[in-house]
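K.L.:
just the structure for this:
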Amino acid sequence: MNSLKIAHLAVDEKFIDHAIKAFESEAPGSNDLYVLSKAPLKLVKSKAEIVSRFQAISGALATKLSDYDLIIIHSLNRAWFRTIKN
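P.N.:
Take a look at the predicted model:
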């Protein structure tokens, strides 16, 4: 198992599953997906933690992200700005 920890910030869109599959093929078990959405997800089928707009805007997710070696932002959404800033 790879010790690299990668966080993916995304929105509920159809291409995310393909991206996660590609990252998993290169770094198996190292990828955690956080999807900004209301539950349930409609398009993303990969294992993901749903993040509310409040969690993103308040910066509540930022503390959790400090444990990652790499953060990848797919489809930059304004709600992620506070999370990134913190």
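K.L.:
partner residues bridging residue 50?
P.N.:
residue 35 (DSSP bridges).
K.L.:
contact partners for the residue nearest to residue 70 when sequence neighbours are not counted?
P.N.:
Using Cβ to Cβ, 6 or more residues apart in numbering and skipping the chain neighbours, the partner closest in space to residue 70 is residue 6 (4.7 Å). For every residue, glycine as well, the C-beta is placed using N, CA and C. By Cβ atoms under 8 Å, 6 or more residues apart in numbering, the contact list for residue 6 reads 23, 27, 30, 31, 32, 68, 69, 70, 71, 72.
K.L.:
any stretches of this protein with poor pLDDT?
P.N.:
1-2, 86 (pLDDT under 70).
K.L.:
ranges for the helices of it?
P.N.:
16-26, 53-58, 62-65, 80-85 (DSSP state H).
K.L.:
closest to residue 46 out of the ones you listed?
P.N.:
helix 16-26 (4.6 Å; Cβ to Cβ).
K.L.:
name the residues of that closest one that are buried.
P.N.:
For helix 16-26, burial by neighbour count (16 or more other Cβ atoms under 10 Å) applies to 16, 17, 19, 20, 23.
K.L.:
one more: stretch 66-83?
P.N.:
So stretch 66-83, judged by 16+ other Cβ under 10 Å, has buried residues 68, 71, 74, 79, 80, 82, 83.
K.L.:
including distance to residue 38, could those residues go into CSV?
P.N.:
Below are these laid out as CSV (distance: Cβ to Cβ, whole Å):
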residue, distance to residue 38
68, 24
71, 23
74, 18
79, 12
80, 16
82, 18
83, 17
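K.L.:
pull the most distant pair out of those.
P.N.:
68 and 79, at 18.5 Å, using Cβ to Cβ across the buried residues of stretch 66-83.
K.L.:
my read: residue 46 touches residue 16, true?
P.N.:
Yes - Residue 46 lies in contact with residue 16 (Cβ atoms under 8 Å); the separation is 6.8 Å.
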